[in-house]
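A.B. asks: show me the folded form of this:
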Amino acid sequence: MASGIHYISFISWNRILPASRRRNIMKNKLIALLTMSALAIGTLAGCGNTAAADTAASAADTAAETPVEAVSTAADEAADANADGADKYADLSGSISMSGSTSMEKLANAVAESFMEKHPNVTVTAEFTGSSAGIESVLAGSVDIGNSSRNLKDDEKSAGAAENIVAIDGIAVVADPANKVEDLTKDQLVSIYTGETKNWSEVGGDDQAIVVVGREAGSGTRGAFEELLDIADACVYANELDSTGAVMAKVASTPGAIGYVSLDVVDDSVKALKLDGVDATEENIKAGNYALSRPFVMATKGEISEQKTEVQALFDYLSSDEGKALIKSVGLITVD
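C.D. replies: Below you'll find the model as predicted:
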């Protein structure tokens with residue numbers, strides 16, 4: 001083979017050529033086939049081979065009965081099948097509007113930023129009005145997506161809202177590593193955080209004062225923790241800290257301390273406590289067995305497949321490896 005000459009396989013050729021060119025080639029092949037068949041019939045008939053001529057004529061008739069439109073359709077389908085999935089939304093443009101849960105602010109902003117970077121001609125906006133308000137907005141048609149940090153109610157579903165769970169929020173309860181308590185009930189945890197239970201001996205531990213540690217007001221983790229336990233504005237904190245890392249450090253270094261953090265940051269510097277006998281693990285949270293967890297829902301009016309292309313692209317992105325990595329990067333659990 002001469003230097004500098006390269007052969008391209010049919011598969012590579014089929015991917016390189018534009019779809020319109022591939023369709024023209026397939027049409028030309030059909031025309032050539034019909035022409036060759038006609039010539040063969042004439043030649044065979046001229047030689048007196050009528051049986052062979054009849055067979056060739058039958059084959060030509062069969063080919064002729066295949067409309068050019070059908071070939072064109074087949075070519076279109078082949079082109080679509082061979083198209084790279086990553087290019088499906090290459091020329092995407094438009095807008096996506098979201099509103100709803102304040103607890104989903106971190107996720108919604110991260111998704112909006114990442115998606116707009118991936119698709120510069122799409123604008124994604126998010127407002128944080130609360131879960132119920134977000135669902136009302138999507139049902140009213142004023143936004144594309146209603147963000148909710150709870151499962152949808154039956155009446156919301158009946159009204160046409162589709163519950164699209166995109167992530168799960170899991171919160172672990174942690175104590176200092178020397179603490180002898182292994183397990184708390186949900187009621188005991190509520191009692192500790194509302195200031196009714198003040199000593200570890202009251203819940204099976206040593207005679208030691210409980211140091212209640214939490215996040216600052218406005219923290220999404222704090223909001224989720226208090227909401228799930230139904231103790232919003234009722235907690236009595238010894239320390240209110242402004243980051244997950246600060247909570248971890250305080251609990252790890254303070255005898256008798258208790259705190260809460262996102263599940264993904266738990267390590268050996270603290271002791272993760274069971275809740276109602278259930279370990280705080282991703283598996284238990286996904287199975288719905290652990291109390292301090294909740295779904296993050298991006299509700300749509302109707303199924304995802306019924307939404308405009310931009311919205312479908314957003315959900316495809318969230319279910320991709322890149323989207324799942326983004327979900328994990330903000331401290332959440334993926335749904336699959």
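A.B. asks: could you look up the SS state of Val247?
C.D. replies: At Val247, secondary structure determined by DSSP: H, G, I helix; E, B strand; the rest coil is helix.
A.B. asks: so what does the nearest residue to it once chain neighbours are set aside look like in phi/psi?
C.D. replies: Spatial nearest neighbour of Val247, excluding adjacent residues (C-beta to C-beta, 6 or more residues apart in numbering): Gly259 at 4.6 Å. (Each C-beta comes from the backbone N, C-alpha and C, glycine too.) Main-chain torsions, Gly259, degrees, to the nearest 10: phi -150, psi -180.
A.B. asks: count of neighbours near Gly259?
C.D. replies: Neighbourhood size, Gly259 [other C-beta atoms under 10 Å]: 28.
A.B. asks: from memory it sits against Val174, does it?
C.D. replies: Yes. Using C-beta atoms under 8 Å, Gly259 makes contact with Val174 at a distance of 5.4 Å.
A.B. asks: re the thing from before, show me what contacts the residue nearest to Val247?
C.D. replies: By C-beta atoms under 8 Å, 6 or more residues apart in numbering, Gly259 lies in contact with 173-175, 213-214, 247-248, 250-251, 270.
A.B. asks: tell me how far it lies from Ala299.
C.D. replies: Distance, Gly259 to Ala299, by C-beta to C-beta, to the nearest Å: 32 Å.
A.B. asks: surely Ser142 is within a helix?
C.D. replies: No. Counting by three-state DSSP, Ser142 falls outside a helix, being coil.
A.B. asks: what values do phi and psi take at it?
C.D. replies: phi -90, psi -20.
A.B. asks: contacts only, for it.
C.D. replies: 97, 99.
A.B. asks: repeat for the one 5 residues further on
C.D. replies: For Asn147, the contacting residues are 98-101, 104, 108, 126, 128, 131, 134, 296-299, by C-beta under 8 Å, 6+ apart.
A.B. asks: could you rerun that using 10 Å?
C.D. replies: For Asn147, the contact set (C-beta atoms under 10 Å, 6 or more residues apart in numbering) comprises 98-105, 107-108, 111, 126-131, 133-135, 137-138, 166, 296-299.
A.B. asks: what pLDDT does the nearest residue to Asp264 once chain neighbours are set aside get?
C.D. replies: Computed as C-beta to C-beta, 6+ apart, the closest residue to Asp264 that is not its neighbour in sequence is Gly331, at 5.2 Å. If you check Gly331, the pLDDT there is 85.
A.B. asks: give the full set of residues in contact with Gly331.
C.D. replies: Under the criterion of C-beta under 10 Å, 6+ apart, the contact list for Gly331 reads 106-107, 167, 169-171, 220-221, 244, 261-265.
A.B. asks: could you do Lys286 as well?
C.D. replies: By C-beta under 10 Å, 6+ apart, the residues touching Lys286 are 168, 170, 293, 333-336.
A.B. asks: over to Val270?
C.D. replies: Taking C-beta under 10 Å, 6+ apart, one finds 172-177, 179, 247-253, 257-259, 261 in contact with Val270.
A.B. asks: one more time with 8 Å
C.D. replies: The contact partners of Val270, by C-beta under 8 Å, 6+ apart, come to 174-177, 248, 251-252, 259.
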